[in-house]
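K.L.:
Structure, please.
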Amino acid sequence: MLSDDQQPIPKDIFVIGGGVNGCGIARDAAGRGLNVTLAEQGDLAQATSSASTKLFHGGLRYLEYFEFRLVHEALKEREVLLSAMPHISWPMRFVLPYHREMRFESETPTSKLLSFVMPWMKGRRPAWLIRLGLFMYDHLGKRKFLPGTSTLDLAQDPAGKPLNPKFHKAYEYSDGWVQDARLVVLNARDAETRGAQIMVRTKVVSAAREGDLWHIVTEGPHGRADHYAKALVNAGGPWVDQVLRDTIGIDSTEGIRLVRGSHIVTRKLYDHDKCYFFQGEDGRIIFAIPYEQDFTLIGTTDQDHKGPPSKAECTPEEQDYLCDFASKYFAKPVTRDDIVWTYSGVRPLYDDGASSATAATRDYVLSLNDAGGAPVLNVFGGKITTYRRLSEHALEKLAPFFPGLKDAWTAGVSLPGGAFKPQDTANVTADLARNYPFLGAAWTQRMIRHYGLDAREILGTAKSAADLGGDFGATLSEAEVIWLMDKEWARTAEDVIWRRTKLGLHLSAEQVSTLENFMRQRLSDAA
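P.N.:
Below you'll find the predicted structure:
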């Protein structure tokens, strides 16, 4: 233990974990005037938060499980989030093809009820039931600007062209897209702007109560360090159990169920900008989504995951599963030859004892432990759409320990670069193109969809691409890389090309090596 004259001034809150929940809580707390430190053992959004299906959605299929509270909260949040970050998120229309012979998984509460009331359907879903579910989806969240459900004639609508001709009818509804890893980084940036200390590649090796404080020991780029805080937040994601038991040393009956969600990215499978919602007989659903202009994203699987969360990979069996699933809907079969990239993440779902990974709840649980003095809040479960509300609820739990805490504030407050209205996105993009004509249409759109209004700060006074310094390929300039290193904690090429951007889909191994060498040299020079 340090002596009194050596002991650092305690922070109000110390957050373990730099995923979407940890960064969201840090931002919310800092904006209420609390002194916050966050430590992430790797890069921000390195695990689950960069491996999602990248949707702001209510979770249409969760209605099958009667998860009405979760769906209601998520649906309300869609438009709040879309308004706060119009540069990294935007509305999308989803096409749900329907065929009267389609059958569904038999263990959901809806399936069991239908089997009892209408046994002659033998697992089939009547069209009126699907339309009823979509009606509920339209109205549970009190939409303001997202359009409601409509019915499509697939023989006439362009959305029918890529599909198997047996599908004649589809329902089209609204949800939203988000660049998940950028969401995390922008929350961290806003938290730092409001006074939080963000530490990446810094592992919490121990945390113990000492009187009315937590004593936290970290191991980071500059060695070991001691920190003190009045409250601890365990937002370790897939490692929340490990942090709780091994790092903090608290026994708990609560736990998580590690569920692996894998995705494949294929060459572009269709030309329009709508997404598909495909339903399978095994109770799963998958999405097919336009991705990074030139590709299609297909996912996700739901498999119980064994082993370290960091070792999640899309297995050959999962690749085949996703290809076969999509091929039941697309006119042209999807094969593994179409795959250009795969990714997989482990979702830390709250363990509610569900019989299958698919049925496990996507809701979150916030567990407060203050039996030994200083409080620790453990975050179990959650989904990316509800991260902001989860953060508010976390501060509600901690409020009794901080008398006079300011009220909730994040609803409607834009993230860095997003201080414009969604309906102004086209004008903001046009303004950037007009001021930097050398970018061209695709580069301009990428800069807006990654940085919004901050794109101007990156581009500065440049009059040509050469003014941005070295060219790493695929429109990635030296000026952008320096920005990401100085402003967004990027330290490796992987941070840049797979989390801050997705330019890894376009860069060669040689280009990635050149980028890695540049970043390593710059970090060395700074040291």
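K.L.:
Number of residues surrounding A399?
P.N.:
Counted with other Cβ atoms under 10 Å, residues neighbouring A399 total 14. Backbone N, C-alpha and C define where each C-beta goes, glycine included.
K.L.:
Who are the contact partners of it?
P.N.:
A399 makes contacts with L405, as judged by Cβ atoms under 8 Å, 6 or more residues apart in numbering.
K.L.:
can you pull the pLDDT of Q156?
P.N.:
pLDDT recorded at Q156 is 96.
K.L.:
A strand includes it, no?
P.N.:
No - counting by DSSP: H, G, I helix; E, B strand; the rest coil, Q156 is not part of a strand but coil.
K.L.:
Neighbours of it, how many?
P.N.:
By other Cβ under 10 Å, 8 other residues sit near Q156.
K.L.:
List phi and psi for it.
P.N.:
phi -110, psi -30 (degrees, to the nearest 10).
K.L.:
can you map out the helices along the stretch 401-527 of the chain?
P.N.:
All helices of the stretch 401-527 of the chain, identified by DSSP state H, counting those that start in this stretch, fall at 425-435, 440-451, 455-459, 478-487, 493-494, 509-526.
K.L.:
of all these, which lies closest to I88?
P.N.:
helix 440-451 (6.6 Å; Cβ to Cβ).
K.L.:
Give the buried residues for that closest one.
P.N.:
Neighbour counts using 16 or more other Cβ atoms under 10 Å place W443, T444, Q445, R446, M447, I448, R449, H450, Y451 of helix 440-451 among the buried residues.
K.L.:
cool, and stretch 148-164?
P.N.:
For stretch 148-164, the neighbour count (16+ other Cβ under 10 Å) marks T149, L152, L154, D157, A159, G160, P162, L163 as buried.
K.L.:
returning to what we had before: I'd like the helices of the stretch 401-527 of the chain laid out as TSV, including mean pLDDT and distance to H57.
P.N.:
TSV is the format used below for the helices of the stretch 401-527 of the chain (pLDDT from 0 to 100; distance: least, Cβ to Cβ, whole Å):
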stretch	mean pLDDT	distance to H57
helix 425-435	98	20
helix 440-451	97	19
helix 455-459	98	27
helix 478-487	98	28
helix 493-494	98	28
helix 509-526	97	32
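K.L.:
Quick one: closest of the ones you listed to D273.
P.N.:
Across the helices of the stretch 401-527 of the chain, closest to D273 is helix 440-451 (Cβ to Cβ), at 12.6 Å.
K.L.:
got a list of contacts for the closest one?
P.N.:
Applying Cβ under 8 Å, 6+ apart, the external contacts of helix 440-451 come out as 87-88, 179, 182, 293, 417, 425, 428-429, 432-433, 436, 439, 455, 458-459, 475, 500-501.
K.L.:
Need the buried ones from those selected in PyMOL.
P.N.:
Remark: buried members of the contacts of helix 440-451, expressed as a PyMOL selection using 16+ other Cβ under 10 Å:
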select buried, resi 87+88+179+182+417+425+428+429+432+433+436+439+455+458+459+475+500+501
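K.L.:
what number of residues lie near the closest residue to Y171 other than its chain neighbours?
P.N.:
Once flanking residues are discounted, Y171 sits nearest to L96: 4.7 Å by Cβ to Cβ, 6 or more residues apart in numbering. For L96, the number of neighbouring residues by other Cβ under 10 Å comes to 21.
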